[in-house]
Each structure stands twice: as structure tokens, then as C-alpha cells.
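*Asks:* Need a 3D model of the sequence below.
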Amino acid sequence: DWATYSEVNNAFFTVERSADNVQFTQVGTVDGAGNSTTLRTYALTDEQPLRGTSYYRLKQTDYDGRSEYFPVQVISNIVRGSLSVWPNPALDKNIHISYTGTDLENYAISVQDITGKVIPSSVEPDGDGSLKLDIDENYLHKGGIFIVTASDGKETLRQRLMIQ
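*Replies:* Model (predicted):
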């Protein structure tokens, strides 16, 4: 969102985005008012924002092609989803994991007991978008409580898992 109080020969605005504050790409354009001496408000929505930190800048272009850049704005886009571990409580080693924010492809999955000790485990795709969690059977005893952790370096998600 931005506003102007006056415009002279304003053809259009361009919103640009960058992941590194160096290389910018165009998100979209909005027509300017041409010539105006009244308050005018503008907005453009980034329909495919980057995760994490993004840098946005506004470029204003006149009818004659001259343009001006305005200061970069830093936006933090943290998408929080929900990590699901099911069934929970689990009856056996048939345990699944999914995440509503995105897929878990770039996440490291680990399992700890309630003391923080890492429990041997592995994950594999289950075909329906979830992952099958395989916890070493030597640790699957009735009443066991685990913490399943998924981390991609930007966010860490945790879910408690009980064995029934």
C-alpha cells in the first residue's frame, strides 16, 4: 500500500521483490493518475510471496520513461502451518506425519524422548502427501511419550506423540 499527495506525468508504478536485496523481479504494475493534486491511495498484492525475508521496492515511471525508486521495505513472511502426527496416541509403529503449511520435503524430522534423547527413526513418503514415521521398535513401549520435531532451518515445529 502507498499513497501520493500529488502526481505530475505519472504513468505507472511498479512493485519489485527480492530475496537478497540485490536482484529484484517485477511483482506487478499499477496505473498512475497522470496529474493529480489530491490524495490518491494505491495497493498491489503479491500473490506468490517468498517465505522468510523479502525486500520490496516501489518504482514510479513517468510518461516520458523517466523513473524513480523509493526506499526498500523489508517484509518477513512466516507461514505457520500445523504439524500433525497421527494416530495419536499410536497403537503400533504405523505413524504418519503431515504439515498444513507446505510439504515436508526440506524438513529434517527427528524424534526425542521426554528427556531430549534422540530416538532412532526414519521417514519415507507415504504416497498421499504425508510421511510414514518409523520409530525403532525397541523404543515403542506402552505409555511412551515422544516429541516429533520437523525443522527446515527457518522454522521448527514440534508435536507430542504418545504410545498406547
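*Asks:* What is the neighbour count of the nearest residue to residue 87 once chain neighbours are set aside?
*Replies:* Leaving aside its sequence neighbours, residue 87 sits nearest to residue 95 (C-beta to C-beta, 6 or more residues apart in numbering; 7.4 Å). C-beta: built from backbone N, CA, C; applies to glycine. Using other C-beta atoms under 10 Å, residue 95 has 24 neighbouring residues.
*Asks:* Surely residue 95 and residue 162 touch.
*Replies:* No - look at residue 95 against residue 162 with C-beta atoms under 8 Å: they stay out of range, at 10.9 Å.
*Asks:* Using PDB, list the CA coordinates for stretch 91-111.
*Replies:* Extracted C-alpha coordinates of stretch 91-111, given in PDB (Å, rounded to 0.1, in the frame of the first residue of the first chain):
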ATOM      1  CA  LEU A  91      -1.100 -48.300  18.900                       C
ATOM      2  CA  ASP A  92       1.900 -49.500  16.900                       C
ATOM      3  CA  LYS A  93       4.600 -48.300  14.500                       C
ATOM      4  CA  ASN A  94       2.100 -47.200  11.800                       C
ATOM      5  CA  ILE A  95       2.600 -43.500  12.400                       C
ATOM      6  CA  HIS A  96       2.200 -40.700   9.900                       C
ATOM      7  CA  ILE A  97       3.200 -37.000   9.700                       C
ATOM      8  CA  SER A  98       1.900 -34.100   7.600                       C
ATOM      9  CA  TYR A  99       2.100 -30.300   7.700                       C
ATOM     10  CA  THR A 100      -0.600 -27.900   6.500                       C
ATOM     11  CA  GLY A 101       1.900 -25.100   5.700                       C
ATOM     12  CA  THR A 102       3.700 -26.900   2.900                       C
ATOM     13  CA  ASP A 103       5.200 -30.300   2.200                       C
ATOM     14  CA  LEU A 104       7.900 -31.600   4.500                       C
ATOM     15  CA  GLU A 105      10.400 -32.400   1.700                       C
ATOM     16  CA  ASN A 106      13.000 -29.900   3.000                       C
ATOM     17  CA  TYR A 107      12.500 -30.600   6.700                       C
ATOM     18  CA  ALA A 108      14.700 -32.700   8.900                       C
ATOM     19  CA  ILE A 109      12.500 -35.000  11.000                       C
ATOM     20  CA  SER A 110      13.700 -36.300  14.400                       C
ATOM     21  CA  VAL A 111      12.100 -38.000  17.400                       C
END
